[in-house]
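Undergrad: the following block contains a protein sequence and its predicted model.
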Amino acid sequence: MRIACIATSEVPSRKANSIRVMKVCQSFIDLGHSVRLWLPGRTPDFSWTDLIEHYGIRDRFPIRWLRGAITLRRYDFCLFAVLDAAIWKADLFYIWPLQGAALTSRLGLSTALEIHDLPGGRFGPWLFRNFLRGTGARRLLPITDALRNWLAREYKTSLDAPFTMVSPLAVDLERYADLPTADNARRELGLEEAFTVGYTGHLYPGRGIDLLMELARRNPKMRFLWAGGEPVAIELWSKRLSNAGVNNVRLMGFVPNTQLPLIQAACDVLMMPHERRVSASGGGDIARFASPMKMFEYLCSGRAILASDLPVLREVLNEDNAVLIAPEDVDAWNGALRVLEIHEDRRHALGNQARIDAAKYTWVERARRSLEGLTE
């Protein structure tokens, strides 16, 4: 099947939305489909070798960058991308921006819409309704059940299977095969031998970085790895840590996707202290509907996970594969971390169950479920 993927993400980029677009395209290729990707902007200066390393993908596929006027808010890009994909004779339009999904659905072109947040802005609700009403709407793919339920209530419509398939984010299971033990991974990375607490991801507001700093301050004998973040955020947190006299945190900065498994393997505990309000790369609050990629990477790494006890995270996490704590209870986080430091058996039990559960969340399985019933 020919699948036209249309997104407004920047490629290459360090943002999560850019990574997931490339992972989705790769997963469709893994299933034997022909894929083309349309993106806004000028064709960047890049090499596929760099893209493969950056995104942790394996195959090359055609990418078409189309320029558009910023003042038109990607409407012109979506129009040109749809026309171009129609000329290519795409069998399915797999789309992220509402502008594109509303257009293809109204034109009767077979459309799957992947949605990560509430339809926003002045025209978002109108565009979403047009997608639903169009004859081309074949599949709606909200990333969490919480988002599906909200959309069903707000738009007073039944969003049940098979039209709607909840589609959490995922992980490349094969990249986490045969990981070294934590101490061997630390030696491979040149890290000192100590009980190590890890966090991988951006340092945006709402990600619990203040809590991570406080835990590091309270536990000076532990070592903390923070992998991720833009240069400005790295500089800010480096100064804050220094001013607070916290010297047991190593800020690693951005790490290519292919290197994350080893860094996560070097940790005894992995942290996901999301607050009750979480900022995305474009701003806004995504706490109610988030499906963080790091959650699935953490599961796959087979390490103990400490995570915020938020309803949306409980769609994947539970007491068997993670320790769940109220995000504002710093004392509880500190106590749970110290318990895991002492009880190695507890860490291993959590990590083993996490790895078992991760098998349900691969990119290829996600793609297969997304396309179920659409390939005939």
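TA: Perfect, I can see it now. Numbering: from 1, shown residues only.
Undergrad: isn't residue 35 right next to residue 61, touching?
TA: Yes - Residue 35 is within contact range of residue 61, at 4.9 Å (criterion: C-beta atoms under 8 Å). Using the backbone N, CA and C atoms, a C-beta is placed for each residue, glycine as well.
Undergrad: joint contacts of those two?
TA: In terms of C-beta atoms under 8 Å, 6 or more residues apart in numbering, residue 35 and residue 61 are both contacted by the residues 25, 29.
Undergrad: among those two, which residue is more densely surrounded?
TA: Each of residue 35 and residue 61 has its neighbours counted (other C-beta atoms under 10 Å); residue 35 has more, 22 against 17.
Undergrad: which ones are touching that one?
TA: Applying C-beta under 8 Å, 6+ apart, the residues contacting residue 35 are 3, 5, 25, 28-29, 61-62.
Undergrad: looking at this, it is in a helix?
TA: No - remark: residue 35 does not belong to a helix; assigned using DSSP: H, G, I helix; E, B strand; the rest coil, it is strand.
Undergrad: tell me what it is bridged to.
TA: residue 3 (DSSP bridges).
Undergrad: how much space separates the residue of the chain most remote from its centre from residue 153?
TA: Going by C-alpha atoms, centre = their mean, the residue of the chain most distant from its centre is residue 245, 32.5 Å out. Using C-beta to C-beta, to the nearest Å, one gets 49 Å for the distance from residue 245 to residue 153.
Undergrad: hmm, back to that, just name the closest of the contacts of residue 35 to residue 214, please.
TA: residue 25 (39.8 Å; C-beta to C-beta).
Undergrad: hmm, residue 6 and that closest one touching each other?
TA: No - between residue 25 and residue 6 there is no contact under C-beta under 8 Å: 11.2 Å.
Undergrad: give me the common contacts of these two.
TA: residue 37.
Undergrad: between the two, who's got more neighbours?
TA: Counting neighbours by other C-beta under 10 Å for residue 25 and for residue 6 shows that residue 6 has the greater number, 30 against 26.
Undergrad: quick one: contacts for that one?
TA: Residues in contact with residue 6 (C-beta under 8 Å, 6+ apart) are 37-38, 78, 81-82, 85, 93-97, 100.
Undergrad: from residue 245, how far out is it?
TA: Distance of residue 6 to residue 245, computed by C-beta to C-beta: 50 Å.
Undergrad: the helix or strand bottoming out on mean pLDDT in the chain - contacts with which helices or strands?
TA: Ranked by mean pLDDT, DSSP states H and E, the weakest helix or strand in the chain is helix 48-55, scoring a mean of 92. The helices and strands touching helix 48-55, judged by 3 or more C-beta pairs under 8 Å, 6 or more residues apart in numbering; DSSP states H and E, are helix 16-30.
Undergrad: tell me the angle the helix it packs on makes with helix 48-55.
TA: 110 degrees (axes from the mean of the first three to the mean of the last three C-alpha atoms, to 10 degrees).
Undergrad: would you map the strands across the stretch 201-350 of the chain?
TA: 223-227, 249-253, 269-272, 304-308, 323-325 (DSSP state E, counting those that start in this stretch).
Undergrad: can I get the ones you listed in CSV including mean pLDDT, distance to residue 297 and mean neighbour count?
TA: Below are the strands of the stretch 201-350 of the chain laid out as CSV (pLDDT from 0 to 100; distance: least, C-beta to C-beta, whole Å; neighbours: other C-beta atoms under 10 Å):
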stretch, mean pLDDT, distance to residue 297, mean neighbour count
strand 223-227, 97, 11, 23
strand 249-253, 96, 15, 16
strand 269-272, 98, 9, 26
strand 304-308, 98, 10, 25
strand 323-325, 98, 17, 20
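Undergrad: out of the ones you listed, which gets nearest to residue 294?
TA: strand 269-272 (6.3 Å).
Undergrad: what lies in contact with the closest one?
TA: Contacts of strand 269-272 (C-beta under 8 Å, 6+ apart): 196-200, 208, 212, 215, 264, 292, 294-295, 298, 301, 303-308, 313, 337, 340-341, 347.
Undergrad: are any of those residues buried, and if so which?
TA: 196-200, 208, 212, 215, 264, 292, 294-295, 298, 301, 303-308, 313, 337, 340-341, 347 (16 or more other C-beta atoms under 10 Å).
Undergrad: those in helices, which ones?
TA: Among these, the members found in helices (DSSP state H) are 212, 215, 264, 294-295, 298, 301, 337, 340-341, 347.
Undergrad: out of those residues, which comes closest to residue 157?
TA: Distances from residue 157 to these, taken by C-beta to C-beta, are shortest for residue 295, at 28.9 Å.
Undergrad: return stretch 31-49 as PDB; C-alpha atoms alone will do.
TA: Output of stretch 31-49 as PDB, limited to C-alpha atoms (Å, rounded to 0.1, in the frame of the first residue of the first chain):
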ATOM      1  CA  LEU A  31       5.400  -3.800   7.400                       C
ATOM      2  CA  GLY A  32       6.200  -3.700   3.700                       C
ATOM      3  CA  HIS A  33       4.400  -0.500   2.600                       C
ATOM      4  CA  SER A  34       5.700   2.200   0.300                       C
ATOM      5  CA  VAL A  35       6.000   5.500   2.300                       C
ATOM      6  CA  ARG A  36       6.600   9.100   1.300                       C
ATOM      7  CA  LEU A  37       6.800  12.000   3.800                       C
ATOM      8  CA  TRP A  38       5.800  15.600   3.200                       C
ATOM      9  CA  LEU A  39       7.100  18.300   5.500                       C
ATOM     10  CA  PRO A  40       7.000  22.100   5.500                       C
ATOM     11  CA  GLY A  41      10.000  24.400   4.800                       C
ATOM     12  CA  ARG A  42      13.100  24.400   2.600                       C
ATOM     13  CA  THR A  43      15.000  21.200   2.000                       C
ATOM     14  CA  PRO A  44      17.700  21.100   4.700                       C
ATOM     15  CA  ASP A  45      21.300  20.300   4.300                       C
ATOM     16  CA  PHE A  46      21.400  16.700   5.600                       C
ATOM     17  CA  SER A  47      22.800  13.300   5.000                       C
ATOM     18  CA  TRP A  48      20.800  10.100   5.500                       C
ATOM     19  CA  THR A  49      23.700   8.700   7.500                       C
END
